[in-house]
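Participant: sequence and predicted structure, then a few things I'm wondering about:
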Amino acid sequence: MHRPPIAKKQHHTLTAHSHTRIDPYYWLNDRENPEVIAYLEAENAYTEANMAHTKSFQDLLFEEMKGRIRENDQSVPYFLDGYFYYTRYEEGNEYAIYCRKARSLYSAEEILLDVNQLAIGYNYYKAGGLQVSEQNDLLAYGVDTVGRRVYTLHFKNLTTGEALPDQIPEVTGNSVWAGDNRTLFYTKQDPETLRAHQIWQHVVGSPVAEDLLVFEETDETFSIGIGRTKSRKYLEIMCNSTVSSEVRFLDAYLPTSEWQIFLPRERDHEYSVDHAGDLFYVRTNLKAANFRLMAVGPDQTTDVQAWQEIIPHRKKVFLESFEVFKDFLVLEERESGLIQLRVINQTDQAEHYIDFGEPTYTAGLGYNPEFNTSLLRFGYTSLTTPTTTFEYNLVTQRKKRLKQQEVLGGFSSSDYLSERLYVTVRDGAKVPVSLVYRRGTDIDGSAPLLLYAYGSYGLSMDAYFSSNRLSLLDRGFIFAIAHLRGGQEMGRHWYEDGKLLKKKNTFTDYIDCASFLIEHQYANPHKLFAQGGSAGGLLMGVVANVRPDLFRAIVADVPFVDVVTTMLDDSIPLTTGEYDEWGNPNDKKYYHYMLSYSPYDNVAAKSYPNMLVTAGLHDSQVQYWEPAKWVAKLRTMKIDQRQLLLKTNMEAGHSGTTGRFAPLKEIAMEYAFILDVLNK
């Protein structure tokens, strides 16, 4: 029997609102401390020792999952400014190769970036945010070699292939070219909190020291980004908090002119703007909880009084997004928890919906840069259907499959069944649950079930396909997604009812869904497994404290579990921007509410399920010390002999290892843990 590492206890007092907490593991909050690194490495060694007997099985799972992926693969090209752009992968390589062809797909290939070459010598390498200039001859892209989402901007001359000397360090990776082919606007973050708060202007060839600060967001609850409208006529600075937003715009061809505010920010007013044809289109929740669509001409004032309603608010339909074409308007709507694509002919106002024909699925608008076209690109996937890209003719109403994710190894969708259930939880709300299992699996309580959920930030966790998941389904598992409050699956109210002082609805929804699955013989407590990551890891932490008896094992990926301490520390990345999500614990009522569910603060002397917890040393979203402290406290408090394992990726951040296949090793470890526990 391997002995677990025991973290030392060091008395640290935390006081707020005349309430004192003692945190004996606060000292772990120092990634530069060799003693901290030694503890994390000891935990990793303990995990490796306890999982050593599964090593060959992990290798088998890795090869099994890798074997379903076509190594030589290519994305569907899209056309922009005279070029077809696409991404391809080569056998044996981990990273993407970004390419384009001029005018025709039969033209010679031009490689913009071969990330495989750039990544040589790095343990972690992330290239992203590729931006091609107006005249198609300059490329800007960001590189992160640590995993903390702090990038360096690089530039490349696409005509000569040479790397330009311009390099801009410590940026977010978000950038956009102006129309003069020389000016790039980019976003910088606060070096301590990592909040995106500044927009800078760089002229290619000029010293970075001469770059101009054009906008700074001083409200610590807001983060910013920059983009360009569909018409490409305007640049936009988007300022967003949890509950409000503000857009500034600038003529893309006059980069030194003054930025204009589209509409000044007001609390509880969220809006976004795009420009196409000769109109600004505004998606807004002004007097519209589920959002509506408005329009206004650039020659008019952008004041709300000038807005004309295009799509009214609907109580049961949430307006997620929209796409504008010369003759058509396409809406991405959500009703009864499912995405629908609604097509409106702007000439005669005739409309129809695109039919998908499955009980639970995910659909969404693709990248559609062209305005004067009748072809819509959209994506589709379900629990049984691999990710598919369609081209839809808005006039003939016919769709053409451009590409479907190829799953090697004899996969057939017909071998699997999906269901959508509605669980009436304790306060009467009906929570959707999506399930998938291999045909022939008995629904009698004998099958193991993995219940996954997220339930925060208004992010909808829709039903999606995973070829990796087949390794569980083919071994008799049922996989389920609980679409909890805190997400936005059922409309804006679904989000509002799962945050701030209603956050506990997320946790009780999950518990009630698990109980329902047991009651209706989809699962039993001896074979029921739970998984969630980040804010979903918070969910796992609460469930472990509140109903440990329901689950055989829990996998908590990069879990946000030290809620009170983190939200009281405004120097930590994300904290100030999330007061409207979790509450500001400097306010007594939020402090005590958070304290009542914070997993770290509520660890108790009780039996817990088997648990595997992951962390990333360079995580910028959930700091590594949250899961580390949680595990350290669980070790000294829990009274059972079940497994408690912590695996910290010492070379990555929130999203884990980079590359196409390397992340499969992390998934293989988690699956091996689940299956090992099941078989004991």
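Facilitator: Received the coordinates, thanks.
Participant: from here on, contacts and neighbour counts on C-alpha atoms
Facilitator: Will do.
Participant: domain-wise, how is the chain divided?
Facilitator: Taking automatic domain parsing as the reference, the chain has its domains at 13-66+418-678, 79-171+184-216.
Participant: now do the same for residue 391: helix, strand or coil?
Facilitator: Put simply, residue 391 is strand when judged by DSSP: H, G, I helix; E, B strand; the rest coil.
Participant: what about it, how many residues nearby?
Facilitator: Residue 391 sits with 18 neighbouring residues when counted by other CA atoms under 10 Å.
Participant: how about the contacts made by it?
Facilitator: 375-378, 399-402 (CA atoms under 8 Å, 6 or more residues apart in numbering).
Participant: okay, and which of these map to strands?
Facilitator: Residues of those located in strands (DSSP state E): 375-378, 399-402.
Participant: for the residues you listed, which one is nearest residue 589?
Facilitator: Taking CA to CA as the measure, residue 589 lies nearest residue 378 of those, at 44.6 Å.
Participant: hey, what's the closest one bridged with?
Facilitator: residue 365, residue 390 (DSSP bridges).
Participant: got it, and residue 199?
Facilitator: residue 187, residue 215.
Participant: surely it meets residue 211?
Facilitator: No: contact criterion CA atoms under 8 Å: residue 199 and residue 211 do not qualify, at 10.2 Å.
Participant: of these two, who's got more company?
Facilitator: The neighbour count for residue 199 versus residue 211, taken as other CA under 10 Å, is higher for residue 199 (23 against 16).
Participant: what comes into contact with the strand ranked longest in the chain?
Facilitator: For the chain, the longest strand by residue count, based on DSSP E, is strand 163-177. Strand 163-177 is contacted from outside by 128-129, 131-134, 140-143, 149-157, 183-189, 191, 196, 204-208, 225-228, using CA under 8 Å, 6+ apart.
Participant: for residue 6, give me its contacts.
Facilitator: Taking CA under 8 Å, 6+ apart, one finds 632, 635-636 in contact with residue 6.
Participant: name the member of those with the most neighbours.
Facilitator: Going by other CA under 10 Å, residue 632 tops those with 25 neighbours.
Participant: quick revisit: in strands, which of the contacts of strand 163-177 appear?
Facilitator: Filtering these for strands - DSSP E - leaves 128-129, 131-132, 140-143, 151-157, 183-189, 196, 225-228.
Participant: so where's the stretch 1-150 of the chain shaky on pLDDT?
Facilitator: For the stretch 1-150 of the chain, the stretches flagged by pLDDT under 70 are 1.
Participant: any idea where the strands of it begin and end?
Facilitator: 13-16, 19-22, 73-74, 78-80, 83-89, 97-102, 110-114, 126-132, 138-144 (DSSP state E, counting those that start in this stretch).
Participant: circling back: tabulate the contacts of residue 6 (TSV), appending secondary structure, pLDDT and distance to residue 453.
Facilitator: TSV is the format used below for those (DSSP: H, G, I helix; E, B strand; the rest coil; pLDDT from 0 to 100; distance: CA to CA, whole Å):
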residue	secondary structure	pLDDT	distance to residue 453
632	helix	98	25
635	helix	96	25
636	helix	96	28
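Participant: among the residues you listed, which one lies nearest to residue 678?
Facilitator: residue 635 (21.9 Å).
Participant: how many neighbouring residues does residue 599 have?
Facilitator: Residue 599 - counted by other CA under 10 Å - has 27 other residues nearby.
Participant: for it, give me the pLDDT.
Facilitator: Per-residue confidence (pLDDT) for residue 599: 98.
Participant: wait, what's in contact with it?
Facilitator: 538, 541-542, 545, 561-563, 630.
Participant: if we go to 10 Å?
Facilitator: 537-546, 559-564, 630 (CA atoms under 10 Å, 6 or more residues apart in numbering).
Participant: grab the nearest non-local neighbour of residue 290.
Facilitator: residue 318 (4.6 Å; CA to CA, 6 or more residues apart in numbering).
Participant: contacting residues for residue 378?
Facilitator: Residue 378 makes contact with 341, 363-368, 388-392, 399, 401 under the criterion CA under 10 Å, 6+ apart.
Participant: repeat for residue 259
Facilitator: Contacts of residue 259 by CA under 10 Å, 6+ apart are 214-215, 235-237, 247-251.
Participant: residue 303 now?
Facilitator: 261-264, 296 are the contacts of residue 303 under CA under 10 Å, 6+ apart.
Participant: most neighbours of all those residues, which one?
Facilitator: residue 296 (21 neighbours).
Participant: that residue: what's it in contact with?
Facilitator: Contacts of residue 296 by CA under 10 Å, 6+ apart are 275, 278-282, 302-309.
Participant: and the two most separated of the contacts of residue 303?
Facilitator: Between all members of these, the farthest pair (by CA to CA) comes out as 264 and 296, at 15.8 Å.
Participant: how about the spatially most central residue of the chain: what's its closest non-neighbour residue?
Facilitator: A centroid search over the chain (CA atoms, centre = their mean) returns residue 459, at 8.1 Å, as the residue closest to the centre. Spatial nearest neighbour of residue 459, excluding adjacent residues (CA to CA, 6+ apart): residue 487 at 4.8 Å.
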